[in-house]
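Q: Quick one, structure for this:
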Amino acid sequence: MNSRIVIPQVAPDAYQALLNLEKYISTTSLTSIHKELIKIRASQVNGCAFCINMHTADARKSGETEQRIYLISAWREADVFTEEEKAILALTEQVTLISNHVSDEVYQNAARLFNERYLAEIILTIITINSWNRLAITTGLRAI
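A: Here you go, the predicted structure:
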């Protein structure tokens with residue numbers, strides 16, 4: 001791959017703003033498992049190998065099992081995820097594939113399972129990882 005722009009060098013203030021959003025996400029009440037499920041699934045949908053590699057490692061450090069990590073991409077057919085986790089994964093997919101919009105069914109299911117603050121934190125985490133995915137893919141970051 002040809003050399004591509006290095007955003008932190010060219011636009012450090014913008015990059016710092018994204019880092020600040022990530023810092024906010026780290027202070028939310030979301031469980032570490034919920035955060036990593038979001039980050040892994042959005043990264044899978046977007047095809048961001050760099051982020052998949054990073055967040056599967058982070059999930060393991062947070063106590064996530066290999067079996068569950070392997071089954072994230074097929075979560076609908078896996079009985080290892082809770083109702084809440086499935087709602088998070090469904091919302092993650094629909095926000096990531098936003099051109100199809102977020103259905104009332106998926107949104108209302110998540111709203112039924114989580115209080116408003118937790119739901120806001122879920123949505124902000126989904127938005128943040130999608131930003132990181134797009135930055136990594138566009139600038140050619142590679143999984144090591």
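
Q: Show me the helices in this structure, by range?
A: When assigned using DSSP state H, the helices of the chain occupy the ranges 7-10, 12-26, 32-46, 49-61, 66-71, 83-96, 104-113, 116-139.

Q: With only the CA atoms kept, save the shortest one in PDB.
A: What follows is helix 7-10 as a C-alpha-only set of coordinates in PDB (Å, rounded to 0.1, in the frame of the first residue of the first chain):
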ATOM      1  CA  ILE A   7      -4.000  12.400  10.600                       C
ATOM      2  CA  PRO A   8      -2.400  13.000  14.100                       C
ATOM      3  CA  GLN A   9       0.500  14.900  12.400                       C
ATOM      4  CA  VAL A  10      -1.600  16.800   9.900                       C
END
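
Q: so which of the helices of the chain is the most packed in?
A: Mean neighbours per residue, mean count of other C-beta atoms under 10 Å, is largest over the helices of the chain for helix 32-46, with a mean of 23. C-beta here means a position set from N, CA and C on the backbone, and glycine is covered the same way.

Q: what mean pLDDT would you report for that one?
A: Taken as a whole, helix 32-46 has a mean pLDDT of 98.

Q: That helix to helix 12-26, inter-axis angle?
A: Put simply, helix 32-46 runs at 130 degrees to helix 12-26, going by axes from the mean of the first three to the mean of the last three C-alpha atoms, to 10 degrees.

Q: ok, and what's touching helix 32-46?
A: 25, 51-52, 55-56, 58-59, 62-64, 69, 72-73, 75, 84-85, 88-89, 92-93, 95-97, 122, 125-126, 129-130, 133-134, 137 (C-beta atoms under 8 Å, 6 or more residues apart in numbering).

Q: centroid residue for the chain?
A: Lys39 (2.4 Å; C-alpha atoms, centre = their mean).

Q: Report the separation between that one and Asn2.
A: 28 Å (C-beta to C-beta, to the nearest Å).

Q: residues contacting Asn100?
A: Counting by C-beta under 8 Å, 6+ apart, Asn100 makes contact with Gln94.

Q: Hmm, I typed the wrong one, I wanted Arg60.
A: The contact partners of Arg60, taken as C-beta under 8 Å, 6+ apart, are Glu66, Ile69.
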